[in-house]
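Novice: with the sequence up front, the predicted model follows.
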Amino acid sequence: MWKEAKFFMRCSYCDEEIVFPHKCSLCGLPFCSRHRLPENHKCTKLSKTKNFWYQKEKLVEKQKRKAIMRGEKWCVRCGSFSTEVSDYDAETITYKCLSCGLKWTESKGTGEVIHREKPEEHIEAEVTEEPEPKPVPSPKSTRKRNAVIMVTCIVIVALLMGLFINGIRSTAYETGFLSGKQTGFNEGYELGFGEGNQSGYPCGYEIGNSSGYEDGFSTGNTTGFSNGYVQGVEDGVGRGYNIRDPTYEEALQFISSDQTDENEHTENYTCFNFAADFEKNAFEAGYRCGWVYVEFTDGAHAIVCFNTTNLGLIFIEPQDDTIVELSVGHSYDSMGLVIYFAIIW
């Protein structure tokens, strides 16, 4: 099926839709029949020199207007201004061109040319030169040529009609297809959204309500137990020398308030000292803290840990207060692969 874009274009000057565009020989853009010439569509690549016939005509017209304002006369044949008055009377005046030798008589009232005499050299040429006889085509060849032209015209018209019909059919098909697709999509979307909302809302509400209740109950139970446990220990036993495991939130709060990470790492104050001071401060705050010994392939390191009541064991780097991952067989920061670690409570 033929596509519309192959045969329909728009004129680059007037934006009119055209079937068979004319291509400009200078700029190469498509134009309609009214603007196909460079001077009609004001071609940007048109030569600025006065070498074209239309530019010469404009120049001659401009010169004629100036000559009329000066009271001069130009030759009606060659356009020269080298003319003189050879005869005149009350109603007419006769001019002679000094360039081509033409004589003509004009009316003084209207300026209309009444009589024109050809130059002598042109008259002699017409007398001496005989025109060559034109060949007369035979009737048979004329009929054959006319038949070929007629058949060619019929074929061209048939092809154009076929292309035009196919283009209209293709355009109508695409327009109808897009319109029907959009209409069907809108109706199907509205119907599907309504049915899906009606059937999905009760099901989603029931599942969400059940899951939310279970998650809320589990979280509330765990949090309530931890808070009650801490409060019960504090109310029943008090601080004294009794220490306990903190919750995850209490561990984060203590890590943020502890000042061990502000100490400077030196040859006499190493990772072992950082871990020991952090553990001491945690003990004074009433929390049980573990001192962790970590062994690598080429060295060892010391960190601390808390066994939180709600999220379990967490490891802390006391030198920068970051929570780290620690497991045998995995690398720890840039120190290397962990081959062994032990926790001292």
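Specialist: Right, received. Where do you want to start?
Novice: now the helices: where do they sit in the stretch 201-345 of the chain?
Specialist: Applying DSSP state H, counting those that start in this stretch to the stretch 201-345 of the chain gives helices spanning 248-257, 271-284.
Novice: against which helices or strands is the helix or strand containing residue 188 packed?
Specialist: Using DSSP states H and E, residue 188 maps to helix 139-236. With contacts defined as 3 or more C-beta pairs under 8 Å, 6 or more residues apart in numbering; DSSP states H and E, helix 139-236 has no packing partner among the helices and strands. In short, each C-beta sits where N, CA and C put it, glycine included.
Novice: please work out which of the helices of the stretch 201-345 of the chain is packed deepest.
Specialist: Ranked by average neighbour count under the criterion mean count of other C-beta atoms under 10 Å, these are headed by helix 271-284 at a mean of 18.
Novice: any idea how far residue 162 lies from residue 19?
Specialist: From residue 162 over to residue 19 the distance is 13 Å, taken as C-beta to C-beta, to the nearest Å.
Novice: cool, and residue 304?
Specialist: Applying C-beta to C-beta, one obtains 86 Å for the distance of residue 304 from residue 19.
Novice: who has more neighbours out of these two?
Specialist: Taking residue 304 and residue 19 together and counting by other C-beta atoms under 10 Å, residue 304 has the greater number of neighbours (23 against 12).
Novice: separation between that one and residue 199?
Specialist: Relative to residue 199, residue 304 is positioned 55 Å away (C-beta to C-beta).
Novice: need the helix or strand of this protein with the lowest average pLDDT.
Specialist: Within the chain, confidence by mean pLDDT, DSSP states H and E is lowest for helix 120-128 among all helices and strands, at a mean of 44.
Novice: for the helices of the stretch 201-345 of the chain, which one sits closest to residue 344?
Specialist: For the helices of the stretch 201-345 of the chain, the distance to residue 344 is smallest for helix 271-284, at 8.9 Å, taking C-beta to C-beta.
Novice: need the contact partners of the closest one.
Specialist: Surrounding helix 271-284, the residues in contact under the criterion C-beta atoms under 8 Å, 6 or more residues apart in numbering are 243, 254, 258, 260-261, 263, 265, 288-292, 301-304, 306, 316, 318-319.
Novice: and that helix with helix 248-257, angle?
Specialist: Interaxial angle, helix 271-284 versus helix 248-257 (axes from the mean of the first three to the mean of the last three C-alpha atoms, to 10 degrees): 120 degrees.
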